[in-house]
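[1] A structural model of the following input is requested.
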Amino acid sequence: MTPSQPIPCILVVDDEPDIRELLEITLQRMGLHTLSAGTLREAHALLAQQSFNLCLTDMRLPDGDGIELVEHIQRHWPYLPVAVITAYGSVDTAVQALKAGAFDFISKPVELGMLRDLISGALSLGLPEDKGNTAAEDADATHPQGLLGESACMQKLKQMLYKLARSQAPVCILGESGCGKERVAREIHRLGPRAKHPFVPVNCGAIPTELMESEFFGHRKGSFSGALSDKPGLFQAAHGGTLFLDEIAELPLHMQVKLLRAIQERAVKPIGAATEVAVDVRLLSATHKDLGELVTQGRFRQDLYYRINVIELHVPPLRERLEDLPLLAQHILQRIATRGQDRRKGLSEAALLQLQSYRYPGNVRELENILERACALSDDALIRPTDLQLPERLNVPLSAKEPSLDAQLDAVEKHSLLNALSQHNGNHALAAQSLGLSPRQFAYRLQRFKLNA
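    Numbers count the residues shown, from 1 in each chain. Okay, here's the model as predicted:
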């Protein structure tokens, strides 16, 4: 902290005077200003009167709890980090606070060394330039940009992302292959206080086993054959930022042990080094596998599972948000045109209808491949159904239970309607005639299956 920089001010909220005094003395010895409150109401009043760099609050207050305060700060001062103090062993309470947007938590009895580390970590991240800790004025800085879609499940996902971005809790992103887990991780990073620091993605399944330790933790010159110079590992490359471990279920057990130690100690020991190197990273992970089941099978360490899976975030598959497909397709076609410097192509109504009838086992990645192929095959400005080359099957997702007869008949009827529309380029009259239906009967069926758009 240089002489020109203002001294950070910390808000301490706790109803026990002795604990408040202990916290204030600790913070003041760190060279920080403090103000304290004994109730939720007092905390609200102080927040309205003064700017703070960090809020440290107990979970239990006479007129409310710490989660209420976290949510209040998230609404009005989204860039202000909040750390909560929980009762010993109250993991569920801590997780609730982290999900609400808390930066971090510490358990009672408060260990002062850990408290100092927490405060130093929060303050070292800083606040975005020209933002202070006031409510966000720039929508681009606080709204997920890389996630397209306005469906209900995507809106829910975006709201959760914003809360998680201000937390330092490990997040495990779950979802099928191709649904955009890395894009979600990048948004958590971009929206959070580490945005100006590195985002380092790692595909755990793509690193040869014999090179994993060197890749993750680095090595010193001469530590093994071929080590011609010092090399920093991925943890060091992500220092101050975010380390994203994609397909974490692919890590072998011996690396899981080393990864757990690095996370717990916040330090790594490069191969051939005599001492450890401190690292500060936000850990995000992702997998399309059931980690809980892998733990049961003995293929994934339970202690690592609990460490990385503090918060689970589910990314919906494309088939559960097909109403987002027109927007996704438009964005993908624009990107293809920009990359190839060709004229942008559009989708015919019949092609769009056919795309919306498909189930996408490969999710958004498969949609990208389909449109890439269609652009190459299309001879004019509009992509037709024949350019899509979709599989000739309903592609209903697998289910543990056999669908009912009514559901199967509905699926067949819906497929027939879409197929007729595709064959007649969206002409309702000709499509109805081909199925032996009157225009009125055809319109009724379109409305029943919500295909009239």
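[2] tell me the bridge partners for residue 202.
    residue 245 (DSSP bridges).
[3] what sits against it?
    The contact partners of residue 202, by C-beta atoms under 8 Å, 6 or more residues apart in numbering, come to 215, 234, 243, 244, 245, 246. C-betas here are computed from N, CA, C, even on glycine.
[4] now the third one. Nearest residue, chain neighbours left out?
    Leaving aside its sequence neighbours, residue 243 sits nearest to residue 281 (C-beta to C-beta, 6 or more residues apart in numbering; 4.5 Å).
[5] isn't the one you found right up against residue 237?
    No: Residue 281 lies out of contact with residue 237 (C-beta atoms under 8 Å); the separation is 9.4 Å.
[6] where does residue 221 land in three-state SS?
    Of the three states, residue 221 takes coil under DSSP: H, G, I helix; E, B strand; the rest coil.
[7] from residue 320, how far out is it?
    51 Å (C-beta to C-beta, to the nearest Å).
[8] more neighbours, the two?
    The residue with more neighbours, out of residue 221 and residue 320, is residue 320; 15 against 10, by other C-beta atoms under 10 Å.
[9] ok, the closest residue to that one other than its chain neighbours - how many residues close by?
    Computed as C-beta to C-beta, 6+ apart, the closest residue to residue 320 that is not its neighbour in sequence is residue 153, at 6.0 Å. Residue 153 is flanked by 16 other residues according to other C-beta under 10 Å.
[10] can you pull the pLDDT of residue 153?
    Residue 153 is assigned 92 on the pLDDT scale.
[11] close enough to count as contact, residue 323 and residue 151?
    Yes: the pair residue 323 / residue 151 is scored as a contact, 5.1 Å apart, by C-beta under 8 Å.
[12] which residues of the stretch 51-200 of the chain score low on pLDDT?
    Applying pLDDT under 70 to the stretch 51-200 of the chain flags residues 88-91, 124-146.
[13] mind listing the strands for it?
    In chain order, the stretch 51-200 of the chain shows strands spanning 54-58, 60-61, 64-65, 82-86, 104-107, 171-174, 199-203, with DSSP state E, counting those that start in this stretch as the criterion.
[14] of all these, which one comes closest to residue 423?
    strand 171-174 (39.3 Å; C-beta to C-beta).
[15] which residues of the stretch 201-350 of the chain fall in helices?
    Remark: helices assigned in the stretch 201-350 of the chain by DSSP state H, counting those that start in this stretch are 212-217, 234-237, 253-265, 291-296, 302-308, 325-340, 349-357.
[16] in a markdown table: those helices, plus mean neighbour count.
    Listed next are these as a markdown table, based on neighbours: other C-beta atoms under 10 Å:
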| stretch | mean neighbour count |
| --- | --- |
| helix 212-217 | 20 |
| helix 234-237 | 20 |
| helix 253-265 | 16 |
| helix 291-296 | 15 |
| helix 302-308 | 16 |
| helix 325-340 | 15 |
| helix 349-357 | 20 |
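[17] of those, which is nearest residue 121?
    helix 253-265 (14.3 Å).
[18] residues contacting that closest one, please?
    Under the contact criterion C-beta under 8 Å, 6+ apart, helix 253-265 has outside partners 170, 209, 212-213, 216-217, 235, 251, 268, 276, 279, 283, 299-301, 303-304, 307-308.
[19] tally of neighbours for the closest residue to residue 201 other than its chain neighbours?
    Of all residues not flanking residue 201 in the chain, residue 244 sits nearest, at 4.5 Å (C-beta to C-beta, 6+ apart). Neighbour count of residue 244, defined by other C-beta under 10 Å: 28.
[20] residue 244 contacts residue 203, doesn't it?
    No: contact criterion C-beta under 8 Å: residue 244 and residue 203 do not qualify, at 9.6 Å.
[21] show the contacting residues for the residue lying closest to residue 344 once chain neighbours are set aside.
    Closest residue in space to residue 344, ignoring its immediate chain neighbours: residue 337 at 3.8 Å, by C-beta to C-beta, 6+ apart. Residues in contact with residue 337, defined by C-beta under 8 Å, 6+ apart, are 343, 344, 345, 375.
[22] quick one: average pLDDT of stretch 318-335?
    On average, the pLDDT along stretch 318-335 is 91.
[23] where does the stretch 351-453 of the chain dip in pLDDT?
    392-409, 411-412, 452-453.
[24] the strands in it, which residues?
    All strands of the stretch 351-453 of the chain, identified by DSSP E, counting those that start in this stretch, fall at 382-383.
[25] which stretch among the strands of the stretch 51-200 of the chain approaches residue 389 most closely?
    strand 199-203 (28.9 Å).
[26] pull out the buried positions in that closest one.
    199, 200, 201, 202 (16 or more other C-beta atoms under 10 Å).
[27] my read is that residue 203 contacts residue 246, right?
    Yes: between residue 203 and residue 246 a contact is recorded at 5.1 Å, counting by C-beta under 8 Å.
[28] just to revisit the earlier point, roughly how far apart are the residue nearest to residue 344 and residue 343?
    Relative to residue 343, and taking C-beta to C-beta, residue 337 is found at 7 Å.
[29] could you do residue 155 as well?
    Distance from residue 155 to residue 343, by C-beta to C-beta: 33 Å.
[30] cool, residue 56 as well?
    Residue 56 sits at a distance of 57 Å from residue 343 (criterion: C-beta to C-beta).
[31] so for the two, which sits in the more crowded spot?
    Between residue 56 and residue 343, counted using other C-beta under 10 Å, residue 56 has the larger neighbour count: 30 against 7.
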